[in-house]
Each structure stands twice: as structure tokens, then as C-alpha cells.
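Asker: need a 3D model of the sequence below.
(one chain, ligands or ions: 3)
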Amino acid sequence: MHTMRHSQRIGLELAKAARAGLRAGWATGRTARPAVRAGARWYSAPGTQTVKLTAESYPQLERDTRFARVTAEDMAAFEAMLGAGQVVTGADAEGYNIDTMRKYKGQASVVLRPRTTEEVAAIMRHCHARRLAVVPQGGNTGLVGGSVPVFDEIVVSLALMNSVRAFDPVSGVLEVDAGCVLETADQYVAEHGYIFPLDLGAKGSCHIGGNVATNAGGLRLLRYGSLHGTVLGVEAVLADGTVVNGMSRLRKDNTGYDLKQLFIGSEGTLGVITGVAVLCPRRSAVVNVAFFGLESYEKVQQAFVRAKGELQEILSAFEFMDQEAVEHVGKMSGHLSPLDDKHRFYVLVETSGSNREHDEDKLQTYLEGLMENDVIADGVLAQDETQLRSLWNLREGIPESLAKSGGVYKYDVSIPLNELYQLVDDTRTHLAEQGFPTATEGSPVVNVVGYGHLGDGNLHLNVAVNRYNKAVEAALEPWVYEWIQKRSGSISAEHGVGFAKKNYLHYSKDQGMIDLMRQLKVAYDPQGILNPYKYI
Ligand code: FAD
Ligand code: MLT
Ligand code: ZN
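Answerer: Ligands and ions are numbered 1, 2, ... in the order given. Got it, this is the predicted structure:
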């Protein structure tokens with residue numbers, strides 16, 4: 001990787017050198033986008049600390065006595081409708097009860113693993129008739145405790161429904177089972193020259209059904225938009241077992257209500273998603289990644305505005321991280337910053353296009369302009385696929401590195417850009433005032449970091465603690481949500497509401513909207529058996 005430190009003199013020399021085709025400092029990228037970025041299975045926090053039952057952590061919660069308990073007759077019915085290995089009980093059910101951040105733990109004794117939509121329908125018909133509560137589960141990578149039971153709800157795991165159903169190489173429409181792993185789908189379409197329009201750090205584990213159920217945002221939203229635009233069709237099974245076949249492959253269809261939109265972001269509360277049709281764009285042949293340091297949040301914003309103006313159609317990601325996040329991922333996960341000096345902020349910019357000379361010229365001019373105008377202090381440009389991956393690994397490794405601390409309070413928020421980072425500074429001050437200074441002996445707060453999808457106005461505020469701590473939680477909530485409400489932000493930009501934010505929906509939605517959501521919930525799931533104790 002080529003690096004250079006900023007000074008006006010060097011900046012100008014660089015500009016000259018670059019125009020002369022020389023490789024001084026920022027060198028031009030020479031890499032086509034790898035078919036896929038390395039995507040190991042998402043690491044789950046180490047099990048050194050026992051996970052408390054959610055019902056014990058929140059003793060005010062009570063099991064809804066209207067739900068039946070699973071009986072021997074129910075088990076016999078499930079065994080009859082499903083094949084060998086599809087009904088999981090006892091110790092084998094443990095992993096399905098604990099969320100990926102090891103914060104929540106349910107008490108399900110039964111996990112059902114259907115292979116077909118018909119099997120999902122049979123399960124739901126039975127559970128509806130018996131009023132048995134159900135939690136749909138995908139890859140269990142969700143970050144708000146939505147994918148695990150609270151009490152003894154039955155887990156319906158989509159893990160065995162993992163096939164690609166069809167792909168049309170002319171339109172780019174991919175049809176998959178809901179349990180298809182995101183990375184598998186991306187690899188599949190890559191072979192045809194396409195790209196899955198969603199990408200996120202958990203790609204090696206999360207399911208497309210789970211992505212749709214959470215309306216996941218991720219690293220490519222800036223370029224390809226949200227799933228509300230790219231998902232063309234959804235097949236789902238309602239609470240009573242009715243199969244709703246909305247597997248449209250059409251970009252345009254104005255016949256009545258667009259009901260699939262309701263399933264996008266419904267977090268398992270309206271139906272079990274069994275199939276998804278997604279419009280995939282063409283994969284870009286030329287991809288470049290630059291990583292640079294900046295000394296103020298003001299400069300981060302300037303770099304973003306200029307990226308939109310100067311990189312325009314080739315801009316495919318604009319991710320930012322603060323110094324604390326970058327140091328944390330270096331220390332805990334070994335993904336080190338390639339820059340020699342420390343900087344207050346870091347930005348990862350990715351461009352994706354089709355014309356190498358054109359793209360590199362644009363990126364080079366953009367970077368030179370930033371240096372000449374003192375916006376950036378230092379930076380690198382990936383020279384090959386390995387370097388490109390290592391820059392992305394640094395960014396994508398941040399959540400995992402935070403989880404390694406012992407516990408982490410995660411706030412995934414939308415805030416108007418000019419105030420976005422203020423929340424991180426204010427949180428540090430607020431926690432110190434409440435008796436929880438950061439990284440101080442005796443304080444449970446290990447680190448307070450900010451990073452996220454700046455291009456989408458989405459901040460990830462994370463408070464890493466040595467173990468989950470009710471007093472820290474009480475200092476943060478609802479304080480953080482009030483802070484966001486005052487700025488007309490959203491308390492969930494992408495991870496959803498789930499269990500973690502179920503009491504705080506009103507900070508982002510007015511009562512009229514919450515009432516309408518409740519009416520929809522009743523219409524879709526009159527007995528309330530789908531993912532109870534969460535969301536709505
Ligand atoms: P699960 O965790 O299993 O479930 C999540 C919710 O969806 C639950 O409420 C569950 O009931 C419901 N659900 C799951 N499958 C179905 C189904 N078939 N039908 C109905 N309901 C269902 N999110 C982002 O938006 N952007 C990111 O950049 C991002 N990065 C992440 C990085 C890491 C390392 C991790 C661990 C998580 C990240 N996430 C991100 C969180 C994100 O929500 C998930 O990774 C993903 O979308 C969830 O998919 P899943 O299959 O694991 O769903
Ligand atoms: C991310 O952007 O890395 C994800 O949303 C996960 C997280 O914030 O922890
Ligand atoms: Zn994110």
C-alpha cells in the first residue's frame with residue numbers, strides 16, 4: 001500500500017507526479033473487485049461469561065399465559081410433519097436460544113427446521129390451532145435480540161431452506177429460499193457477472209430471509225439503495241399457515257397494495273418469509289478502495305460532500321470510523337490501520353465502475369484535491385485485492401472486536417449528518433458524569449466508539465463494557481433515545497427494534513403510526529403468536 005503524509009508541498013508534488021503517471025504517494029488502484037470479499041462465518045462472542053436468561057435480566061416481563069406449552073402430542077405432530085433431524089430438542093436447542101452478542105437467552109426446548117414452504121405452512125397451521133408462540137430465525141446474527149425466544153417460544157429455523165431457486169441473467173433477478181446465506185447468494189450471482197445489492201459483515205452467516213425481515217442496510221446501500229427498492233418479491237407464510245405467494249419478478253407492478261413492503265423490516269412479527277426475489281445489479285469490473293485519516297468531523301463531512309460531487313456514479317461506499325474504533329479493532333482483532341500516525345477520524349471510500357482509467361483518474365483527482373485543501377492528513381490506496389480486503393476487514397472487524405470486550409451496548413441510529421458524531425462525544429461526557437468514565441480503573445466502560453455508514457447518515461454508537469451491566473444500561477437508556485428524538489433522528493437505522501428497543505419505538509414513531517402498526521399486526525397474526533414480547 002502506498003502512503004503519504006500530508007503537507008502542501010508533498011500534496012502538490014503528488015498532484016504533479018500523479019498527472020505524469022508516476023506512482024508517488026497515492027498510487028492508482030490496480031485491482032478488479034474480488035469475486036467476493038472474504039466472508040468467514042460471523043464470530044460469536046466467546047462463551048466465557050454465562051448468558052443470563054432474558055426473563056431473569058428483565059424480571060418485570062411475564063410469560064403470556066394465553067400461549068400454550070408444547071406437549072407430547074405437539075411433539076408427535078411435529079415429528080410426523082417433518083423428517084429426521086428437523087426437530088431439535090434438549091441441549092441441541094441451546095445455540096438457537098442465545099443471540100450473537102450473548103446478551104439474550106431464551107428457553108425454547110423445541111427448534112423446528114423445515115425444508116419447504118409447505119412444511120413451514122404445516123408448522124404454522126398447527127401452532128395457530130394450538131396457540132403456540134413461534135420465533136422465526138435466520139442466521140441468528142441480528143443485533144437487537146429479535147431472533148431468539150424470550151420464554152419457551154418454538155424456534156422455526158430457516159437454515160435448511162437454503163437453495164437458489166432461479167436466476168435470470170438478462171434481468172438480474174435472483175430467486176432464493178429465505179434460508180440462503182447472503183454470501184452464498186452473492187457468490188452465485190458473481191459467477192454470472194452480477195452482485196447482490198446488499199453486503200454486510202455477517203454475510204457468511206446471515207440469511208437473505210433474515211436480511212429482508214430486518215431490512216438490513218449494510219455497506220452497499222449508498223450505491224444500490226435499500227431492500228425496499230431491490231426486493232421485487234416475497235413469499236411468506238402467515239401465522240395461520242396461509243401461504244402468500246408474492247414472488248414477483250417484476251420491477252413495475254401497480255396492482256393494489258404493495259404488501260411485500262410490509263414484510264421488509266417486519267422482524268418476524270407478520271409472517272415467516274420463505275422466499276425472496278431480488279434485483280441484482282451488474283458487478284463492477286473495477287473497484288478501488290482508499291483509506292485516509294482526518295483531524296475533525298467537519299473534515300469528514302467535507303470529504304463526503306466532495307466524494308458525492310467528484311466521484312458521483314462510481315462512489316460505492318463511504319464508511320467512517322473514529323480513532324477509538326480503529327484502535328480497538330487493531331488491539332482486539334489484529335486489523336491494524338495501515339497509516340503510521342493516529343488520526344481523530346478515518347474514512348474508507350470505495351469506488352466501483354467499468355472503466356479503469358476513468359475511475360482511477362477520478363479517484364486520484366478527488367484524493368489530490370482533499371490533500372491540497374488540507375481536508376485529509378494521510379492515506380493509502382489499495383494496490384491489489386489483498387490490500388483491498390485488508391482495508392475492508394478492518395472496517396468490518398469493528399463489531400466483532402467490540403463484542404470481544406465482554407458486552408456491548410449498541411445504538412444504530414440515523415441522525416442529521418451535521419450532528420451525527422456529537423452523539424458519541426456527548427455519550428462519553430454523559431457516562432463520565434454518571435460515574436462511568438471510559439477506560440478508567442474500576443469503571444465497567446471499556447470503550448465508547450463511533451463508526452458507520454456516513455453516506456447513509458447512519459451512526460453506530462457502541463459502548464463496550466467488561467460485562468453487561470444494568471447500571472450502565474440505565475445510564476444509557478432512554479438518554480440516548482431522547483437525544484436522538486430531539487434531533488428528529490431514528491432509534492434504528494438498520495438493525496431493527498427487536499427486543500432491545502421494544503420500549504422505545506415511540507421515540508421515533510408517533511402514536512398514530514404505532515396504533516396502525518398494531519392493527520396490521522392483528523390483521524396478519526390475530527393470536528399474536530409470531531415473535532411475541534418484541535417490537536409490537
Ligand atoms: P436473524 O438474526 O436470525 O433474525 C433477525 C430478525 O429477523 C428476527 O426478528 C427474526 O425473527 C427475523 N427473521 C429472520 N429470518 C426470518 C424469516 N425467514 N422470516 C421472518 N422473520 C425472520 N445489519 C445491517 O443492517 N447492516 C450491517 O452492516 C450489519 N452488519 C452486521 C455485522 C455483523 C458482524 C453482525 C453480527 C450483524 C450485522 N448486522 C447488520 C445485523 C443484521 O440485522 C443481520 O446480520 C442480518 O440482517 C440478520 O439476518 P439473520 O439471517 O441473521 O437474521
Ligand atoms: C456494521 O455496520 O458494522 C453493522 O451494522 C454491525 C454493527 O454496527 O455492529
Ligand atoms: Zn451497519
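
Asker: and whatever residue of the chain ends up closest to ligand 1, what does it touch?
Answerer: Using CB to the nearest ligand atom, the closest approach of the chain to ligand 1 is made by residue 210 at 2.0 Å. Where you see a C-beta, it was placed from the backbone N, CA and C, and this is true even at glycine. For residue 210, the contacting residues are 137-139, 141-142, 147, 158, 178, 216, by CB atoms under 8 Å, 6 or more residues apart in numbering.

Asker: also near ligand 1: which of those, exactly?
Answerer: The subset of these within reach of ligand 1, by CB under 6 Å from any ligand atom, is 137-139, 141-142, 147, 158, 178, 216.

Asker: highest neighbour count among those residues?
Answerer: Neighbour counts for the ones next to ligand 1 among the contacts of residue 210 (other CB atoms under 10 Å) peak at residue 147, which has 32 neighbours.

Asker: for stretch 452-462, buried residues please.
Answerer: Within stretch 452-462, the residues that qualify as buried by neighbour count (16 or more other CB atoms under 10 Å) are 452-462.

Asker: how about these in TSV, adding distance to ligand 2?
Answerer: As requested, these are arranged in TSV below (distance: CB to the nearest ligand atom, whole Å):
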residue	distance to ligand 2
452	6
453	6
454	11
455	12
456	10
457	13
458	8
459	9
460	4
461	9
462	7
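
Asker: thinking again about what came up before, closest to ligand 2 among the contacts of residue 210?
Answerer: Using CB to the nearest ligand atom, residue 216 comes nearest to ligand 2 of the contacts of residue 210, at 8.1 Å.

Asker: against residue 182, how distant is that closest one?
Answerer: 9 Å (CB to CB, to the nearest Å).

Asker: what about residue 52, neighbour count?
Answerer: By other CB under 10 Å, 14 other residues sit near residue 52.

Asker: that one and residue 102 touch, don't they?
Answerer: No - in this structure, residue 52 is not within contact of residue 102 by CB atoms under 8 Å, at 9.7 Å.

Asker: which single residue of the chain ends up nearest ligand 2?
Answerer: In the chain, the residue that lies nearest ligand 2 is residue 399 (3.2 Å; CB to the nearest ligand atom).

Asker: so what pLDDT did that residue get?
Answerer: Residue 399 carries a pLDDT value of 97.

Asker: residue 49 now?
Answerer: As summarised for this prediction, residue 49 has a pLDDT of 72.

Asker: list the residues that contact it.
Answerer: By CB under 8 Å, 6+ apart, the neighbours of residue 49 are 102, 406-407, 467.

Asker: with residue 152 instead?
Answerer: 63, 69-70, 106-109, 133.

Asker: returning to what we had before: what helix or strand does the closest residue to the residue of the chain closest to ligand 2 other than its chain neighbours sit in?
Answerer: Nearest non-adjacent residue to residue 399, counting by CB to CB, 6 or more residues apart in numbering: residue 201, 6.0 Å away. Using DSSP states H and E, residue 201 falls within no helix or strand.

Asker: ok, now the one 10 residues further on?
Answerer: For residue 211, the enclosing helix or strand under DSSP H and E is helix 208-214.

Asker: after that helix, next one along is what?
Answerer: Next in sequence after helix 208-214, counting helices and strands by DSSP H and E, comes helix 221-224.

Asker: buried stuff in that next one?
Answerer: Those would be 221-224, for helix 221-224 by 16+ other CB under 10 Å.

Asker: tell me if stretch 207-219 is near ligand 2.
Answerer: No - if you take CB under 6 Å from any ligand atom as the test, stretch 207-219 misses ligand 2, and the best it gets is 6.9 Å.

Asker: tell me what the closest residue to residue 167 other than its chain neighbours is bridged to.
Answerer: Using CB to CB, 6+ apart and skipping residues adjacent in sequence, the residue nearest residue 167 is residue 174, 5.0 Å away. For residue 174, the beta-bridge assignment (DSSP bridges) gives partners residue 167, residue 278.

Asker: ok, residue 174 - contacts?
Answerer: By CB under 8 Å, 6+ apart, the contact list for residue 174 reads 164, 166-167, 185, 188-189, 194, 196, 277-278, 280.

Asker: hey, where'd the strands end up in the stretch 401-536 of the chain?
Answerer: 407-414, 445-453, 458-465 (DSSP state E, counting those that start in this stretch).

Asker: direction included, what does the last one pair up with?
Answerer: What it means is strand 458-465. If you go by DSSP bridges, strand 458-465 pairs up with strand 407-414 (antiparallel), strand 445-453 (antiparallel).

Asker: how near is the nearest residue to residue 181 once chain neighbours are set aside to residue 530?
Answerer: Leaving out its chain neighbours, the residue that sits closest to residue 181 by CB to CB, 6+ apart is residue 207, at 6.2 Å. Per CB to CB, residue 207 is found 17 Å from residue 530.

Asker: equivalent analysis for residue 367, please.
Answerer: For residue 367, the distance to residue 530 (CB to CB) stands at 49 Å.

Asker: same deal with residue 74?
Answerer: Residue 74 sits 17 Å away from residue 530, going by CB to CB.

Asker: between those two, which is the more surrounded one?
Answerer: Between residue 74 and residue 530, counted using other CB under 10 Å, the more crowded position is residue 530 (29 against 17).

Asker: centre of the chain versus the host helix or strand of the residue of the chain closest to ligand 2, how much separation?
Answerer: In the assignment (DSSP H and E), residue 399 maps to helix 398-403. Relative to the mean C-alpha coordinate of its chain, helix 398-403 is positioned 13 Å out (CA atoms, centre = their mean, to the nearest Å).

Asker: stretch 287-303 too?
Answerer: Its chain's C-alpha centre and that of stretch 287-303 lie 22 Å apart, by CA atoms, centre = their mean.

Asker: also stretch 326-340?
Answerer: Between the centre of stretch 326-340 and the centre of its host chain there is 21 Å, according to CA atoms, centre = their mean.
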